[in-house]
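Asker: Structure for this input, please:
(2 chains)
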Number of protein chains: 2
Amino acid sequence: MPDKKGLLIVNTGDGKGKSTAAFGTLLRAWGRGMKICVVQFIKSETGAWGEIKAAKKMGIEWLTTGDGFTWLSKDMDETTARAQHGWKLAQEKISSGNYDLILLDEFTYPLHYGWLDTAEVLDWLKENRPPNLHLIITGRSAPEALIQAADLVTEMKLVKHPYEQGLKAQAGIEF
Amino acid sequence: MPDKKGLLIVNTGDGKGKSTAAFGTLLRAWGRGMKICVVQFIKSETGAWGEIKAAKKMGIEWLTTGDGFTWLSKDMDETTARAQHGWKLAQEKISSGNYDLILLDEFTYPLHYGWLDTAEVLDWLKENRPPNLHLIITGRSAPEALIQAADLVTEMKLVKHPYEQGLKAQAGIEF
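Answerer: Residues are numbered from 1 along each chain as shown, chains lettered A, B, ... in the order given. Below you'll find the model as predicted:
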């Protein structure tokens, strides 16, 4: 077995911390001078998220392709088009060979909802992912085939959440 | 209910991503210009961990008090002394009022192994934690009383790990 190999990492489950753990891995990789790119599916392109502000300050490339919480959208054509556009961007970044770590944030949703074909995505990755590139995919409902293909899979399980106690989401902590 | 309230957050479980998710929250908070301090229990003081390199680059205060993986140590007196020293540092930082977010990384171990008294720690926090301070505690085996006291608890559950496939830990990803 080689000492160095790019890992395919999946953070899934219903709990908090899927994207957040990926951002922590980014921080760690950035600390070691790795070249990093993020393609963010689903989330709003205009939100002043703490992680986007941080990436800007850190000089980490950050692409967004989502249009808000569109898995509830009625306009599925646009949603599908955006997911496919995002995947095209991701493919360019992955095959470029310019990165040590790429995060496809919330990428399970386009797969789960069928806006992208999971088997095609996995086949493409098998052919085109540089062997040392670490790839992190986050989001709920990771398809079984993705879990099978992954090297490291963590399920984040919600035990207790402040919303249950009537507290609002806290800036800088949850977004 | 107030809109702004410091959360007591616990990341626990057997999976990866407990500390890593906390580092992601740090990144997010740092992106918003929050004042942050980390007190790291257990882990080596001399390791060139990616997260420590990152914190240095980001100007985040980072204190380490551990002496390696000492929950297996025979020398429990030193281990207890170090845990208590770390808790004293943490208390100073918490009560100072100088921070928006403090991470007590791997802090469940001193509680779980009884090097610190969980009830005393929680009582002290109740009296002394500034109301807007977010406090994150990570580590396996979080005591039940800590989970009761927390606002947000996530359990990280291992689904699949590359060690099982004979792969070594990857620098920048896992440390």
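
Asker: pull the CA atoms of the single longest helix found in chain A into PDB?
Answerer: Determined from DSSP state H, the single longest helix within chain A is helix A:76-96. Once non-C-alpha atoms are left out, helix A:76-96 reads as follows in PDB (Å, rounded to 0.1, in the frame of the first residue of the first chain):
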ATOM      1  CA  MET A  76     -36.600  21.700 -10.900                       C
ATOM      2  CA  ASP A  77     -35.200  22.500 -14.300                       C
ATOM      3  CA  GLU A  78     -33.200  25.400 -13.100                       C
ATOM      4  CA  THR A  79     -32.100  23.300 -10.100                       C
ATOM      5  CA  THR A  80     -30.900  20.500 -12.300                       C
ATOM      6  CA  ALA A  81     -29.100  23.000 -14.600                       C
ATOM      7  CA  ARG A  82     -27.300  24.600 -11.700                       C
ATOM      8  CA  ALA A  83     -26.300  21.200 -10.300                       C
ATOM      9  CA  GLN A  84     -24.900  20.200 -13.700                       C
ATOM     10  CA  HIS A  85     -23.100  23.500 -14.000                       C
ATOM     11  CA  GLY A  86     -21.600  23.000 -10.600                       C
ATOM     12  CA  TRP A  87     -20.500  19.500 -11.500                       C
ATOM     13  CA  LYS A  88     -18.800  20.900 -14.700                       C
ATOM     14  CA  LEU A  89     -16.900  23.400 -12.600                       C
ATOM     15  CA  ALA A  90     -15.900  20.600 -10.200                       C
ATOM     16  CA  GLN A  91     -14.700  18.400 -13.000                       C
ATOM     17  CA  GLU A  92     -12.500  21.200 -14.400                       C
ATOM     18  CA  LYS A  93     -10.900  21.700 -11.000                       C
ATOM     19  CA  ILE A  94     -10.500  18.000 -10.200                       C
ATOM     20  CA  SER A  95      -8.900  17.100 -13.600                       C
ATOM     21  CA  SER A  96      -6.700  20.200 -13.600                       C
END
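
Asker: other SSEs contacting it?
Answerer: Identification of packing neighbours for helix A:76-96 by 3 or more Cβ pairs under 8 Å, 6 or more residues apart in numbering or on different chains; DSSP states H and E yields strand A:36-40, strand A:61-64, strand A:101-105, helix A:108-112, helix A:118-128. No exception for glycine: its C-beta is placed from N, CA and C like everyone else's.

Asker: winner for burial among the ones you listed?
Answerer: Of the helices and strands packed on helix A:76-96, the one with the most neighbours on average (mean count of other Cβ atoms under 10 Å in any protein chain shown) is strand A:101-105, at a mean of 26.

Asker: hmm, who's touching that one?
Answerer: Residues from elsewhere that reach strand A:101-105, judged by Cβ atoms under 8 Å, 6 or more residues apart in numbering or on different chains: A:19, A:22, A:25-26, A:29, A:34-43, A:90, A:93-94, A:133-139, B:172-173.

Asker: Averaged pLDDT, it. What do you get?
Answerer: Strand A:101-105 shows a mean pLDDT of 97.

Asker: Kindly report the same for stretch A:159-174.
Answerer: Here the average pLDDT along stretch A:159-174 is 71.

Asker: distance between the ends of it?
Answerer: One end of stretch A:159-174 sits 16 Å from the other (Cα to Cα, to the nearest Å).

Asker: ok so, going back, run the angle between the longest helix of chain A and strand A:36-40 for me.
Answerer: Angle, helix A:76-96 to strand A:36-40, by axes from the mean of the first three to the mean of the last three Cα atoms, to 10 degrees: 170 degrees.
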